[in-house]
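**Student:** Would you be able to build a 3D model of this:
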Amino acid sequence: MDNSGRPTTPGAIRIRWRIFSLLVGFAIVVYFQQRSISIAAERIMPELSLTQMQIGWLQWAFVFTYGFLQFPGGVFGQRLGARRALTSIMLVAVLATALVPLAPLLFGGTALFAVLLGTQFLLGAAHAPFMPVCAGVMASWLPSNRWAMAQGLHTCALQIGAAMAPPILVMLMQAFGWQRALFWAALPPLLLIGVWRLYARDTPREHPEVSTTELAELGTPVIPNSDSGLSIARIMHILRNRDVLLLTTSYISMNYVFYLLASWSFLFLVQQRHFAALEGSWLASLIPIGAAVGAGSGGIITDALVRRFGSRWGFRLAPLISLPLAGVLLLVAIWIPNAYAGVVAMMLAFAAVEITEGAYWAGTMNIATADTMAATGVLNTGGNLGGIIGIPIVAYLSGHGAWGTAFFIGFLCALVAALVWLGVDTSRPLLARTVKVTTT
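**Tutor:** Presented below is the predicted three-dimensional model:
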């Protein structure tokens, strides 16, 4: 112990990786929650007399608040601090998820649909700050040469949650019905929230178990505790930054493909490829597994490319290669005669898309440094505009059997997303002031 009571030698596992593991746990929970409506849709539609277009509007309601509250959510997290911000938003998310199966007990008809729509607006509002706040935690707790890897692994965890949802929820629904399945699946995150609240801190220097050795390894923190100095001028500087806006534009196009594969794979396999519900649920779980592998490896690849080619081209290369490949694989997935080969093509397409997550998020962090939460809020606002625009389009086209058109639009969006990266320069700092970032 030093004079302040802080340990001088670190434990076997650095505290920063324990904090990161909690973010990974939250990531699994968040995507499990987000996928629950689309997985239960097959049971919900006949039992509640909802159309596929109405299911699409429920998904759209989530994406609407989730998308447009990203930047306010990032500002909220930056001012409040990650510990309190994540605790509060995850509690609201549990409430919103539990209300879905409870709503039919009290409402019916149009009122029921309105309440279900409200639960998805609420869930979107709760989840909106999640990714920007997590990016801020990574920027504060991890050295900059591990940001892309951390973002990739975090996105990998998101997709693991998405992969777990179809088989778990389908088996629970077959055993207990969709209402009990969704209700009991909503409660386990409460334990994780309690652990986060008790153990986490906003910065390493606030955590009593962080040793002086680990503090030295981390260097000067990039993000201070609850940055109340985030002024209107700084906010406008973020919103006007050329590179942040280009990354956001690219992310809009990329996320049409993301939401196509993430939200509609199960129904595509059941309706277009004519798989039975249980087999389709297991096959649908393979698609986010591909995304998980792509995201985890993409972060490691991006960090290596940045070390080899520098920030500007290091962040560009993975999106320039993998996004066009994803577009081609979408065409293969819809047109190949063998249904199982189509599933493999979708899995590989999702992997190619998610390889780029580390580049998008760590690239924005590299530009923004101390304003990471706010800047990544802008990025993910754009990302979810891809869903806000795309979900009604896919719902309409799929409802009329035009899955091929929906997938071809995804091909075009993947190409646009790649081309925009040619204008992005992640080596230019967002703010005129200099913030020391450790690279050791």
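
**Student:** hey, which helix is longest across the protein?
**Tutor:** helix 277-335 (DSSP state H).

**Student:** show me where pLDDT drops low in the chain?
**Tutor:** 1-8, 10-11, 220-231, 277-278, 281, 431-440 (pLDDT under 70).

**Student:** packing partners for the helix or strand hosting Leu260?
**Tutor:** Counting by DSSP states H and E, the element that carries Leu260 is helix 242-271. Packed against helix 242-271 by the contact rule (3 or more C-beta pairs under 8 Å, 6 or more residues apart in numbering; DSSP states H and E) you find helix 15-48, helix 52-68, helix 277-335, helix 339-354, helix 357-368, helix 372-399, helix 403-420. In short, each C-beta sits where N, CA and C put it, glycine included.

**Student:** Can you lay out these as TSV showing distance to Arg79?
**Tutor:** Formatted as TSV, the helices and strands packed on helix 242-271 follow (distance: least, C-beta to C-beta, whole Å):
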stretch	distance to Arg79
helix 15-48	20
helix 52-68	19
helix 277-335	28
helix 339-354	30
helix 357-368	15
helix 372-399	9
helix 403-420	30
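
**Student:** Just say which of those helices is most tucked in.
**Tutor:** Most buried of these by mean neighbour count (mean count of other C-beta atoms under 10 Å) is helix 357-368; its value is a mean of 30.

**Student:** Work out the gap between that one and the centre of the chain.
**Tutor:** Remark: helix 357-368 is offset 14 Å from the chain centroid, using C-alpha atoms, centre = their mean, to the nearest Å.

**Student:** ok, now stretch 260-275?
**Tutor:** That offset, for stretch 260-275, works out to 21 Å (C-alpha atoms, centre = their mean).

**Student:** Going by neighbour count, which residues of it are buried?
**Tutor:** Neighbour counts over stretch 260-275 (16 or more other C-beta atoms under 10 Å) mark 260-273, 275 as buried.

**Student:** Val420: which of those is nearest?
**Tutor:** Leu260 (18.6 Å; C-beta to C-beta).

**Student:** Was I right to think that closest one contacts Phe408?
**Tutor:** No. Here Leu260 does not reach Phe408: they are 10.8 Å apart, not a contact under C-beta atoms under 8 Å.

**Student:** residues bridging contact with those two, i.e. touching both?
**Tutor:** Leu330 (C-beta atoms under 8 Å, 6 or more residues apart in numbering).

**Student:** hmm, back to that, and of the helices and strands packed on helix 242-271, who's closest to Gly74?
**Tutor:** helix 372-399 (2.6 Å).

**Student:** what's the distance between the closest one and the middle of its chain?
**Tutor:** For helix 372-399, the distance to the chain centre is 11 Å (C-alpha atoms, centre = their mean).
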